[in-house]
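Visitor: I would like the atomic coordinates for the input below:
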Amino acid sequence: MVKNILFIAFVSFLLVSSCSKDSTSNNTTNPIDTASQQKILEIKTSFGNMYLWLNKETPLHRANYLALADSNYLDGTTFHRIVTNFVIQGGDPNSKDADTTNDGTGGPAYKIPAEINTSLFKHAYGAVGAARDGNAAKASSGSQFYIVVNKAGQANLDGNYTVFGKVIKGMDVAELIVKQPKNSTNNRPYSNINMDVNVLTKTNQELKDEFNFTP
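Guide: All right, here's what the predicted structure looks like:
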């Protein structure tokens with residue numbers, strides 16, 4: 001209960017901060033959509049960029065990741081776990097430091113309530129899901145996420161983790177990332193794969209033209 005309150009308070013603070021930035025600087029990364037504009041995430045890496053659609057049917061996760069990106073919380077985090085024919089995982093603030101042994105254990109001081117809906121979203125190729133610990137409520141990590149790189153999908157994860165988005169462009173980048181040399185014990189890449197995460201505003205027509213995607 002306390003963690004849920006912290007989550008709501010944290011996201012509310014980031015949303016208010018984002019709106020304030022918009023009103024003073026004409027910033028277009030306010031996480032609130034308009035009728036003619038959509039918000040997507042851009043993940044920049046040294047291997048190229050990935051673009052993520054966040055499901056509006058998972059509003060808590062969507063608001064959380066838009067707010068994290070808009071506040072630069074995810075910038076400098078790495079893809080700290082890469083597993084062939086499974087997933088690439090990142091978003092842990094611990095991955096910013098020099099201690100590689102704590103990667104995968106960090107995040108903000110809250111969890112996101114589960115928004116699992118297998119009738120709408122499954123762990124298909126390119127699905128974006130929220131990592132979590134073994135809590136019984138299946139609540140998600142506040143910042144760690146993964147991208148499914150198994151072309152057959154990962155049906156075994158359905159019902160256990162929240163799928164809150166999908167990659168609409170850049171799965172070739174995810175495929176490059178998962179092939180990087182790594183420590184076979186913990187699946188951590190030997191070299192840091194840093195990310196810079198941004199909120200982009202696109203019209204429906206731009207989504208169709210640039211990403212061949214229709215919301």
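Visitor: need the helices for this structure, in chain order.
Guide: Secondary structure of the chain (DSSP state H): helices at 2-25, 59-70, 171-178, 204-211.
Visitor: Low-confidence ranges, the protein, go.
Guide: For the chain, applying pLDDT under 70 flags the ranges 1-35.
Visitor: how much space is there between the residue nearest the centre of the chain and residue 192?
Guide: The structure's the chain has its C-alpha centroid closest to residue 145; by CA atoms, centre = their mean the separation is 4.9 Å. As judged by CB to CB, to the nearest Å, residue 145 and residue 192 stand 17 Å apart. C-beta: built from backbone N, CA, C; applies to glycine.
Visitor: wait, what's in contact with the closest residue to residue 103 other than its chain neighbours?
Guide: Of all residues not flanking residue 103 in the chain, residue 80 sits nearest, at 3.9 Å (CB to CB, 6 or more residues apart in numbering). Residues counted as contacts of residue 80 (CB atoms under 8 Å, 6 or more residues apart in numbering) are 89-90, 92, 95, 100, 103-104, 188-189.
Visitor: roughly how far apart are residue 80 and residue 87?
Guide: Taken as CB to CB, the span from residue 80 to residue 87 is 12 Å.
Visitor: and which of the contacts of residue 80 is nearest to residue 122?
Guide: Residue 122 lies nearest to residue 89 out of those, by CB to CB, at 18.2 Å.
Visitor: Surely the closest one and residue 131 touch.
Guide: Yes. With contacts counted by CB atoms under 8 Å, residue 89 reaches residue 131, the gap being 6.0 Å.
Visitor: residues shared between the contacts of the two?
Guide: 144-146.
Visitor: What separation do you get for the residue nearest to residue 103 and residue 96?
Guide: For residue 80, the distance to residue 96 equals 10 Å [CB to CB].
Visitor: now swap in residue 141 and tell me
Guide: The gap separating residue 141 from residue 96 is 16 Å, by CB to CB.
Visitor: All the strands of this protein, residue numbers only.
Guide: Assigned by DSSP state E, the strands in the chain fall at 38-45, 48-54, 79-82, 87-90, 111-112, 127-130, 140-141, 145-148, 163-169, 196-202.
Visitor: partners of the first one in the sheet?
Guide: What that stands for is strand 38-45. Strand 38-45 pairs in its sheet with strand 48-54 (antiparallel), strand 196-202 (antiparallel), by DSSP bridges.
Visitor: How far does that strand sit from its chain's centre?
Guide: From the chain centre to the centre of strand 38-45 is a distance of 9 Å (CA atoms, centre = their mean, to the nearest Å).
Visitor: again with the second one
Guide: In this view, strand 48-54 has its centroid 9 Å away from the chain centroid, taken as CA atoms, centre = their mean.
Visitor: which other residues reach that strand?
Guide: The contact list for strand 48-54 (CB under 8 Å, 6+ apart) reads 39-43, 61-62, 65-66, 128, 147, 164-174, 176, 200, 211, 213, 215.
Visitor: With the longest one instead?
Guide: Here strand 38-45 makes contact (CB under 8 Å, 6+ apart) with 29, 31, 33, 49-54, 65-66, 69, 79, 165, 168, 170, 173, 177, 193-204, 207, 215.
Visitor: Now which of those residues would you call buried?
Guide: 29, 31, 50-54, 65-66, 69, 79, 165, 168, 170, 173, 177, 193-202, 207 (16 or more other CB atoms under 10 Å).
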